[in-house]
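Trainee: test case, fold it:
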Amino acid sequence: MTTTHSPDAVPGPSRALSFDRAAAQYAAARPSYPDALFDAVEDIAGRPLRGARTLDVGAGTGISTRRLHDRGARVVAVEPGPGMAAQLRRDLPDVPLVRGDGNWLPFETASADLITYAQSWHWTDHARAGAEVRRVLRPGGTLALWWNVADSTVPWLAAQEERLVRFFGVGPEHLGPRRAAAQDRDLPPDLDFTYRRVPWTRRVPLATHVDNLGSHSAFLTIDDEAARGFLAEERALLLAEFPDGTVEEAYVVELHAAVR
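Mentor: Below you'll find the model as predicted:
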């Protein structure tokens, strides 16, 4: 009999807040985003990020917040999890932070030029979040949703995906590390979205890659011993393939952006 360790098929509040227990690991190991992504956001929005009144919703530890801030956006981070918010405050003490989530945005009507959801739209109630976006976004403002998706056309990442699917007993669409590229994103239906794919890579120590893998909710919501066992086996397999202890992670950022 095969034993699997299935995460919740439908994201819920408890799974969304599971990141709090691994906030420091998340901040240290998760990938950032390439310059080309923010170039694409500016192109679709028809304006520079510099000076844009921006809400980064589901900001987590501030990975996307930092990039938006560095591009000159007047960004406010919005994060529900206390552990993630505390890590963001430590890492970005000069960036305003508001405790909230995508289903209820504590901001004035028509007050934002840009609202972003980096790796976070799928944690929302899409109908409620869509209504809040339409309320808070000014006419002519832009909603940008994006996801870092592991590029499974790379052989070693494809093999890892197969191991993850066997371990969890679910398809890639239910795994944070491999959120399926073709999945229905449940985008707000009354906005005209432009879709862009932005490929990029990063070279990291093997330990960082394994920590990145372990920082996803699929691992954070199962038995700790089972998670540690899989990640230890994965580390050993990858060390045999990459004896210098360095891997090149390959991603495609999937961007969906719409001007209101």
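
Trainee: any buried residues in the lengthiest helix in the chain, and which?
Mentor: Of all the segments of type helix in the chain, defined by DSSP state H, the longest one is helix 224-241. For helix 224-241, the buried set under the neighbour-count rule, 16 or more other C-beta atoms under 10 Å, comprises 227, 230, 234-235, 238. For every residue, glycine as well, the C-beta is placed using N, CA and C.

Trainee: how about stretch 199-218?
Mentor: In terms of neighbour count (16+ other C-beta under 10 Å), stretch 199-218 has its buried residues at 200, 204, 206, 208-218.

Trainee: so what would you say the end-to-end distance of it is?
Mentor: Stretch 199-218 has an end-to-end distance of 24 Å (C-alpha to C-alpha, to the nearest Å).

Trainee: state the mean pLDDT of it.
Mentor: The predicted model gives stretch 199-218 an average pLDDT of 95.

Trainee: and that stretch, how far out from the chain middle?
Mentor: How far stretch 199-218 lies from its chain's middle: 13 Å, per C-alpha atoms, centre = their mean, to the nearest Å.

Trainee: pLDDT of stretch 55-68, averaged?
Mentor: 97.

Trainee: ah, wrong one, I meant stretch 101-119
Mentor: Across stretch 101-119, pLDDT averages out at 96.

Trainee: pull the CA atoms of that stretch into PDB?
Mentor: In PDB, the C-alpha atoms belonging to stretch 101-119 read as follows (Å, rounded to 0.1, in the frame of the first residue of the first chain):
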ATOM      1  CA  ASP A 101      -5.900  40.300   3.700                       C
ATOM      2  CA  GLY A 102      -7.200  40.400   0.100                       C
ATOM      3  CA  ASN A 103     -10.800  39.800   1.100                       C
ATOM      4  CA  TRP A 104     -10.900  43.100   3.100                       C
ATOM      5  CA  LEU A 105      -8.600  45.900   2.200                       C
ATOM      6  CA  PRO A 106      -8.600  48.600   4.900                       C
ATOM      7  CA  PHE A 107      -8.100  51.500   2.400                       C
ATOM      8  CA  GLU A 108     -10.200  54.300   0.900                       C
ATOM      9  CA  THR A 109     -12.100  53.900  -2.300                       C
ATOM     10  CA  ALA A 110     -10.200  54.700  -5.500                       C
ATOM     11  CA  SER A 111      -7.000  55.300  -3.500                       C
ATOM     12  CA  ALA A 112      -4.500  52.900  -5.200                       C
ATOM     13  CA  ASP A 113      -2.700  53.200  -8.600                       C
ATOM     14  CA  LEU A 114      -1.500  49.600  -8.400                       C
ATOM     15  CA  ILE A 115      -2.600  46.500  -6.400                       C
ATOM     16  CA  THR A 116      -0.300  43.500  -6.600                       C
ATOM     17  CA  TYR A 117      -0.800  39.900  -5.400                       C
ATOM     18  CA  ALA A 118       2.600  38.100  -5.600                       C
ATOM     19  CA  GLN A 119       2.000  34.400  -4.900                       C
END
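
Trainee: this completes my enquiry, with thanks.
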